[in-house]
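> sequence and predicted structure below; questions after.
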Amino acid sequence: MSIYVYLDHNIIDDISKGDFSLKPSNGVVWVYSHENLGEIRRSNNKIFLDVLEDIQARKLELLLDSKFRVTGEAKILEYRSPHDIYVSYLEAVSENEIDDESNLEFMARLFGAENKDKVLSHPKSFEENIRSLLEPHGLYDENTRIKVEQVRNELVEFVNGPMQEIGKLEKARESFGTSNGRAGNLAEKENPIEELWNIIKNGIPGITANQYFGFDPIEKQGYDVWPMYLGIVGCHAVLNILGFRPDDGLTKPENIPGILSDGSHIGHAAYCQALLSRDRKLLAKARAIYKYKGIATTVLSYERKRG
C-alpha cells in the first residue's frame, strides 16, 4: 500500500535548485494539486514541471458537483505528465479568467491594509466575476442571478460599513487578547486552536469555536454541510488574523496569493497521509488545524542544505 505525501511548493522549488532531492518510489507517491500549478503559473518557471515529472508526482483533485462546488471528497489521479496537465490547466483558467485585483484588495483590507477606497468596487467586481464564470456553462439562470445580487448587496453594506472601520491588525489582536506573540506562543501546546478559543471566546458570545474558526460558518452559501477543505482555508486566514505564526506581508495585496496558497496546500494535504514543507509558519498552522479537527495527516519538514 502506497503512502501519499503532499508537496508544498517550496519543496519543489528546493529540488529545482539542487537543495533537496526526492526520487520516484513504489512505496511513496508524491502528490501535488492545482494550487502548485497556480504557483508555477505565477512564477512563470516551467522547471518545476520537470521536477514533478522526474519524481513521478501525481495530481490530487478536489471533486466538484454539477454547480462546481467542492463536495468534500478528492481523488489522486493516475500518473500523467505534469507538462500535459499544466497545458490543460492553462486552457481551463484562460477560459474563466477573472479580475483578481478586487479580491486581493478585499483580503488585504481584512488584514488591516490602508485601502479603504479600493474595496468599494469589490461588490460589483464579485458580481461580474461570478457571471463570467457561470454564463459560458449555462449556469447563470434567473435564480442564480437573484442570489448573486443578494450577496452583492450584502457586500455593498459590508464594504461601506464594517470594512471601513477595520484598524491595524495588532490593535485587533490586542482586543482578542492574542497580541505581542501570545497566539504564536501556543504553537507547542497539545491543541493550539482550543487554547486560542479559551482566550477569545468570552469576547464573542453566541458563537461556537467551529463557527469562529471557519469550519461551520453561519452563512453556508447553499451547502448543507460546509466542506472540510473550505473550513481549513478559512481557519488558516483566521489564525493569521489572530497572530498565530502569521505570514509576512498580510496587508500587501501582492502577497495575498501566496498566503492563500498556503491555506489551500494545507487543505489539499488533508487528503493525504503526510504534508512535506519547510515553511515553519505553514507547518505550525497545519499542525494546529489537523489536531483540532482530528485529521490524521502527518506534518513533515527538513533542514535545507546550505552551500
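Structure's in. What do you need? Numbers count the residues shown, from 1 in each chain.
> contact partners for the closest residue to Gly184 other than its chain neighbours?
Spatial nearest neighbour of Gly184, excluding adjacent residues (CB to CB, 6 or more residues apart in numbering): Arg245 at 5.1 Å. All C-beta atoms are positioned from the backbone trio N, CA, C, and that covers glycine. Residues counted as contacts of Arg245 (CB atoms under 8 Å, 6 or more residues apart in numbering) are 183-184, 187, 239, 280-281, 284-285.
> pLDDT check: weakest of those?
On pLDDT alone, Gly184 ranks lowest of the contacts of Arg245, at 91.
> quick one on the thing from earlier: restricted to helices, list the contacts of Arg245.
Counting by DSSP state H, those place 239, 280-281, 284-285 in helices.
> what about the helices in the stretch 201-307 of the chain?
Counting by DSSP state H, counting those that start in this stretch, the stretch 201-307 of the chain has helices at residues 209-212, 228-242, 256-269, 280-293.
> with mean neighbour count added, can I get these in a markdown table?
Shown next, in a markdown table, are the helices of the stretch 201-307 of the chain (neighbours: other CB atoms under 10 Å):
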| stretch | mean neighbour count |
| --- | --- |
| helix 209-212 | 17 |
| helix 228-242 | 22 |
| helix 256-269 | 23 |
| helix 280-293 | 21 |
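> if we can go back for a sec, next, give me the two most distant ones among the ones in helices among the contacts of Arg245.
Maximum pairwise distance among the ones in helices among the contacts of Arg245 (CB to CB): 13.7 Å, between Leu239 and Arg280.
> show me the contacts for the closest residue to Ile295 other than its chain neighbours.
Closest residue in space to Ile295, ignoring its immediate chain neighbours: Ala270 at 5.1 Å, by CB to CB, 6+ apart. Residues near Ala270 by CB under 8 Å, 6+ apart: 228-229, 232, 290, 295, 297.
> distance of Ala270 from Leu60?
Relative to Leu60, Ala270 is positioned 10 Å away (CB to CB, to the nearest Å).
> and what of Phe244?
Applying CB to CB, the value for Phe244 to Leu60 is 26 Å.
> check Gly167 too.
The value you get for Gly167 to Leu60, if CB to CB is used, is 39 Å.
> show me the strands in the protein, by range?
Using DSSP state E, the strands assigned to the chain run over residues 3-7, 28-32, 58-64, 70-76, 274-276, 298-300.
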